[in-house]
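>>> kindly return the folded structure for what I paste below:
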Amino acid sequence: MARVFEKSLLGWQEWCGMPLLHIPYIKAKIDTGAKTSALHAFNISEFTQDQQKWVEFEIHPLQGTHKIIQKCQAKVIDEREVMSSTGHKEHRYVIMTTLTLGLQSYSIELTLSNRDLMKFRMLLGREALKKQFLVDPSHKMLLGRYTRKEVTRAYHAT
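Next comes the predicted model:
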């Protein structure tokens, strides 16, 4: 028998945050078919800090608007060839950051990719979910709902 206690239930989309990237809210699509999580990023540029490779990038964290631009920096932990949703191999930087999902916060790997044409700015893959969560694809926002006004206000406060 499968052990399911002590795991939080997620819907097929959820609000999450990434405090180290100064992203208070971003809507993520839960994608158990994807191994690694992906974050929308553009204007990606490499730089060296303390003899390590870092990237600076920008994101539009909210769907349907380019009004809010968040500038981010993160240390590169890997670079990978990833099969995109369109079936093409794409070179991506991989970073590590803290994800806040519901009441839990933990480290995840993220690949950086321009997802401007995609509906969701972030995909949460199974590696980010496997120990803490179960997914119910018939529901969404089981960990909390926020209004556009609440989310927008959080970005103007940062």
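
>>> where does the protein have its least confident helix or strand?
helix 148-157 (a mean of 86; mean pLDDT, DSSP states H and E).

>>> show me the contacts for Ile68.
60-62, 152, 155 (C-beta atoms under 8 Å, 6 or more residues apart in numbering). Quick note: C-beta positions are derived from backbone N, CA and C, even for glycine.

>>> could you work out the most separated pair of those?
His60 and Thr152 (12.6 Å; C-beta to C-beta).

>>> so between those two, which is more surrounded?
Legend: neighbour count by other C-beta atoms under 10 Å for His60 and Thr152, higher for His60 (19 against 16).

>>> where does the more buried one fall, phi/psi-wise?
The phi/psi pair for His60 (degrees, to the nearest 10) reads phi -100, psi 100.

>>> what sits closest to it if chain neighbours are left out?
His66 (5.1 Å; C-beta to C-beta, 6 or more residues apart in numbering).

>>> equivalent analysis for His91, please.
Glu81 (6.0 Å).
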